[in-house]
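J.: just coords:
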C-alpha cells in the first residue's frame, strides 16, 4: 500500500474556497484527499503555515525548499520518495497509487454548523 504526503505552500486553507476567489485545483485536491482518507488510505497533507515542523523534519523537503524556495511547493512524496515538485497529483495519479477509480475521488466534505439560537 502506498503512503502519500502532500507538502502545501503557505495558504489560509487547503480547500481553495477562502479568499476572494475559488481555486478549483485546491478544491479538487481537497475532495480527493477527503475521499481517500474516508476509505482509510494513508494520505497526509501538511501546510507550511500550520505544520512547519513537518517541513523541517524531512531532509528531502528541506533540501528542495532551500534550493528552489517556496515556488517549489507543493511537493508530493510517495513512500518517502519525491514524485512531484511544483504541482498537485492528478486524480489519475491518485487513483493509480491507491487503486481506486478516479470517479471515487469527488466526495465533498460536509460542513457541520452549530447555531445556538438562544444567544441571538
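T.: Looks like it came in fine. Since the model is a prediction, treat every value here as computed from it, not as a measurement. Residues are numbered from 1 along each chain as shown.
J.: what's the helix or strand for residue 10?
T.: Here residue 10 sits in a region with no helix or strand, counting by DSSP states H and E.
J.: check what pLDDT the nearest residue to residue 29 once chain neighbours are set aside gets.
T.: What sits nearest to residue 29 in space, not counting adjacent residues and going by Cβ to Cβ, 6 or more residues apart in numbering, is residue 88, at 4.8 Å. Every residue, glycine included, has its C-beta placed from N, CA and C. Listed pLDDT for residue 88 reads 96.
J.: what's the burial count for residue 88?
T.: Here the neighbour count serves as a burial measure; for residue 88 (other Cβ atoms under 10 Å) it reads 18.
J.: confirm that it sits in a strand.
T.: No: counting by DSSP: H, G, I helix; E, B strand; the rest coil, one finds residue 88 to be coil, located in no strand.
J.: so what's it up against?
T.: Listed by Cβ atoms under 8 Å, 6 or more residues apart in numbering, the contact partners of residue 88 are 6, 25, 28, 29, 74, 76.
J.: distance of the fourth one relative to residue 97?
T.: Between residue 29 and residue 97 the computed distance is 14 Å (Cβ to Cβ, to the nearest Å).
J.: looking at those two, which one has more neighbours?
T.: More neighbours sit around residue 29 than around the other of residue 29 and residue 97, counting by other Cβ under 10 Å; the figures are 24 against 20.
J.: which helices and strands does the strand or helix carrying that one pack with?
T.: Element membership for residue 29, per DSSP H and E: helix 24-38. Helices and strands touching helix 24-38, by 3 or more Cβ pairs under 8 Å, 6 or more residues apart in numbering; DSSP states H and E, are strand 3-8, strand 42-47, helix 91-98.
J.: tell me the buried residues in the first one?
T.: To tie it back to what came earlier, the one meant is strand 3-8. When burial is assessed from 16 or more other Cβ atoms under 10 Å, strand 3-8 yields the following buried residues: 4, 5, 6, 7, 8.
J.: and the gap between the closest residue to the second one other than its chain neighbours and residue 3?
T.: Leaving aside its sequence neighbours, residue 5 sits nearest to residue 77 (Cβ to Cβ, 6+ apart; 4.4 Å). Here residue 77 is placed at a distance of 8 Å from residue 3 (Cβ to Cβ).
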